[in-house]
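Q: structure of the sequence below:
(one chain, ligands or ions: 1)
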Amino acid sequence: MSYTALYRKFRPADFEDVKGQEAIVTTLKNQIRAERIGHAYLFCGTRGTGKTTVAKILAKAVNCERPVDGSPCNECAVCQAINNQTSMNVIEIDAASNNGVDNIREIIDEVQYSPTEGRYKVYIIDEVHMLSTGAFNALLKTLEEPPSYVIFILATTEVQKIPITILSRCQRYDFKRITIDTIAERIRELADKERIAAEEKAIRYVAKAADGSMRDGLSLFDQCIAFYLGQELTYDRVLEVLGAVDTEVFGKMFGYIVKGEAVEALELLEGLIIDGRELLQFTTDFTWYLRNLLLLKTSDMATDMIDAATEQLEALKQDSLLTDTDTLLRYIRILSELSNQLRYASQKRVLLEVALIKLCRPEMEVNYDSILDRLRKVERQLADGVAVKPPVKEGEGQPWLKNGEDSPIRSLESLSEEAKRALAEAVSEDLQAIGRDWAAIMAMLSPALNKMMGTARPVAGEGNMLLLQFEDKMEKDFVDRPGHLEEIQNVIQQRLQKEIKIETRYVGAGEEKTGSELDLRNIMGILEKKVPVEYED
Ligand SMILES: [Zn+2]
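A: Got it, this is the predicted structure:
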């Protein structure tokens with residue numbers, strides 16, 4: 001069973017079949033009926049919105065021997081010649097490959113001869129923004145004084161690149177992105193004509209994926225049909241063929257991240273992996289989705305810069321209200337770093353999971369913007385009347401990780417110099433002083449206690465508390481015995497004239513220290529080291 005692509009088979013032959021550009025079609029038909037045809041038209045708009053299709057129908061309509069209500073009859077000799085591409089009256093030029101002065105001069109030479117059949121010579125110049133400056137200048141001369149039998153139709157996806165001198169000579173028509181409804185309707189119409197069974201949801205998905213382009217919609221549908229030739233096209237099959245993730249998934253993922261629901265985010269990811277989605281593609285698309293949210297938040301003009309149909313835009317606007325600009329920037333930074341890593345990584349899944357956890361749990365990162373993000377989270381919780389939970393401590397487990405998985409917490413060693421310095425600066429002066437005088441403090445302890453403090457690592461605890469981490473359980477138990485912590489406190493008080501609370505914690509031998517716990521003994525070294533300030537882009 002052979003299959004002819006719907007896009008080729010059903011290219012609109014008259015104005016009635018052009019979907020989603022009603023205003024433009026009506027204006028053009030009125031001009032043809034009133035015989036008030038212009039000599040230069042500029043059709044602008046994104047790809048697949050019908051610019052060249054309408055240009056060809058217009059070319060037929062102005063030459064047709066028996067036009068019906070402004071539309072070509074498609075039956076007369078002239079119409080048929082144009083449909084069969086044998087007419088000398090319709091000349092199509094792709095400016096992307098013919099952009100030089102010579103190409104335009106050729107046209108200008110031809111323009112001098114009136115048509116041998118029909119009434120008008122129609123020049124359709126596609127991707128006209130690709131013309132060189134010289135070519136534009138040559139074209140301009142003809143546009144200024146065109147022979148009465150010549151019509152230029154310039155089509156472009158990038159109208160901002162067209163010189164103003166050209167713009168001012170043309171009647172401009174802006175082709176809109178086509179709505180999901182219109183694309184879906186057209187696909188349904190053609191599927192019925194071809195007796196192709198397809199689920200409504202499948203068609204909607206394709207229409208949505210087409211992102212405003214009828215041509216993309218039909219060719220995506222063609223792809224799916226070709227893959228499941230002779231079978232019903234279901235939603236699941238469409239997703240499978242297109243290998244892409246529905247934008248709804250991004251909304252869902254974003255919701256989980258904003259709420260800090262790491263388990264849900266990882267489950268969603270797992271579903272995508274089982275479905276065979278491409279993780280790098282997912283990351284790129286998700287970053288793009290966040291970029292759109294950011295644009296919507298920061299600019300009133302964003303709607304023009306976002307490549308999404310109206311329906312998607314509304315959902316995006318709702319999502320953009322869920323968080324603030326800085327948080328979005330942090331998300332985008334983490335994901336951009338991730339895309340770079342994913343390109344060369346073999347463990348893509350693990351990397352993506354770690355990134356999602358980082359997004360959900362700013363407390364696991366130790367740089368400036370994640371600290372701000374943590375603050376905002378706390379503020380939001382306070383505003384919502386939610387009791388703020390202390391960060392998860394070691395030993396209490398990390399509930400978002402499954403058993404046996406490595407902790408994604410970064411070790412201190414992997415921190416940049418700036419991050420280490422920021423951490424050191426966040427430590428109170430009292431604790432800094434303890435770090436500086438640690439050797440002296442140790443020397444003032446009784447010999448037994450001094451010996452058992454051998455592996456103790458002084459770090460900054462919550463609220464100006466000194467936290468002692470032990471790799472040896474026996475040593476920790478010894479220090480915990482009555483009187484021993486008091487002895488350390490007394491020594492510190494004698495030395496620094498400060499009363500400091502102390503807490504002990506067993507961290508296990510060789511266990512990775514968390515990045516947020518900086519060894520106080522290193523603080524002075526870090527603070528005194530001159531670090532050039534560098535910002536990530
Ligand atoms: Zn005709």
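
Q: by proximity to the ion, which residue of the stretch 201-350 of the chain wins?
A: Nearest residue of the stretch 201-350 of the chain to the ion (Cβ to the ion) works out as Met214 at 24.2 Å. Using the backbone N, CA and C atoms, a C-beta is placed for each residue, glycine as well.

Q: helices of the stretch 101-250 of the chain, start to end?
A: For the stretch 101-250 of the chain, the helices defined by DSSP state H, counting those that start in this stretch cover 101-111, 133-144, 164-167, 180-193, 200-209, 214-227, 235-242, 247-259.

Q: can you point out the buried residues in the second one?
A: Buried positions in helix 133-144, judged by neighbour count with 16 or more other Cβ atoms under 10 Å: 135-136, 138-139, 142-143.

Q: contact partners of it?
A: 39-40, 95, 99-101, 103-105, 107-108, 111, 131, 150, 152, 163, 165-166, 169-170 (Cβ atoms under 8 Å, 6 or more residues apart in numbering).

Q: any of the residues you listed buried? List them.
A: Applying 16+ other Cβ under 10 Å to the contacts of helix 133-144 flags 39-40, 95, 99, 101, 103-104, 107, 111, 131, 150, 152, 166, 169-170 as buried.

Q: what is the nearest of those residues to the ion?
A: The ion lies nearest to Val150 out of the buried ones among the contacts of helix 133-144, by Cβ to the ion, at 19.8 Å.

Q: so that closest one is in contact with Tyr120, correct?
A: Yes: contact criterion Cβ atoms under 8 Å: Val150 and Tyr120 qualify, at 7.0 Å.

Q: residue contacts, the residue in the stretch 101-250 of the chain positioned nearest to the ion?
A: The minimum distance from the stretch 101-250 of the chain to the ion, using Cβ to the ion, falls at Gly118 (9.4 Å). Under the criterion of Cβ under 8 Å, 6+ apart, the neighbours of Gly118 are 63, 78, 87, 89.

Q: can you tell me which of those residues lies closest to the ion?
A: Nearest member of these to the ion, counting by Cβ to the ion, is Val78, at 5.6 Å.

Q: buried residues of the strand or helix carrying the closest one, list them for me.
A: Secondary structure assignment for Val78, by DSSP states H and E: helix 77-83. Across helix 77-83, burial judged by 16+ other Cβ under 10 Å covers 78-79, 81-83.

Q: quick one: the strands in the stretch 1-150 of the chain?
A: 40-44, 90-94, 121-126, 150-156 (DSSP state E, counting those that start in this stretch).

Q: just the CA trace of the longest one, in PDB.
A: Included here for strand 150-156 are C-alpha records, laid out as PDB according to Å, rounded to 0.1, in the frame of the first residue of the first chain:
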ATOM      1  CA  VAL A 150       3.800  42.500 -13.400                       C
ATOM      2  CA  ILE A 151       3.100  41.500  -9.900                       C
ATOM      3  CA  PHE A 152       5.700  40.800  -7.200                       C
ATOM      4  CA  ILE A 153       4.900  38.700  -4.300                       C
ATOM      5  CA  LEU A 154       7.700  38.700  -1.700                       C
ATOM      6  CA  ALA A 155       7.500  36.100   1.100                       C
ATOM      7  CA  THR A 156       9.600  36.100   4.200                       C
END
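
Q: let me see the mean pLDDT of it.
A: Averaged across strand 150-156, pLDDT comes to 96.

Q: residues contacting the spatially most central residue of the chain?
A: Against the mean C-alpha coordinate of the chain, by Cα atoms, centre = their mean, the closest residue is Trp288 at 0.6 Å. Contacts for Trp288 (Cβ under 8 Å, 6+ apart) come out as none.

Q: that one: which element?
A: Assigned by DSSP H and E, Trp288 falls in helix 279-298.

Q: would you mark the buried spots in that helix?
A: So, applying 16+ other Cβ under 10 Å, buried residues of helix 279-298: 279, 282-287, 289-296.

Q: just stretch 469-481 next, same as before
A: 469-472, 475-476, 478-479.

Q: what of stretch 492-500?
A: Result for stretch 492-500 [16+ other Cβ under 10 Å]: buried residues 492, 496, 500.

Q: quick check: the last one touching Leu468?
A: No: Ile500 lies out of contact with Leu468 (Cβ under 8 Å); the separation is 11.3 Å.

Q: and Pro458, which of the three is it?
A: At Pro458 the chain is in strand, as set by DSSP: H, G, I helix; E, B strand; the rest coil.

Q: run a quick neighbour tally on it.
A: Neighbour count for Pro458, taken as other Cβ atoms under 10 Å: 24.

Q: distance check, it against Lys60.
A: Distance, Pro458 to Lys60, using Cβ to Cβ, to the nearest Å: 85 Å.

Q: cool, and Tyr256?
A: Going from Tyr256 to Lys60 by Cβ to Cβ gives 53 Å.

Q: okay, those two: which has more neighbours?
A: Ranked by neighbour count (other Cβ under 10 Å), Tyr256 and Lys60 place Lys60 first, with 29 against 20.
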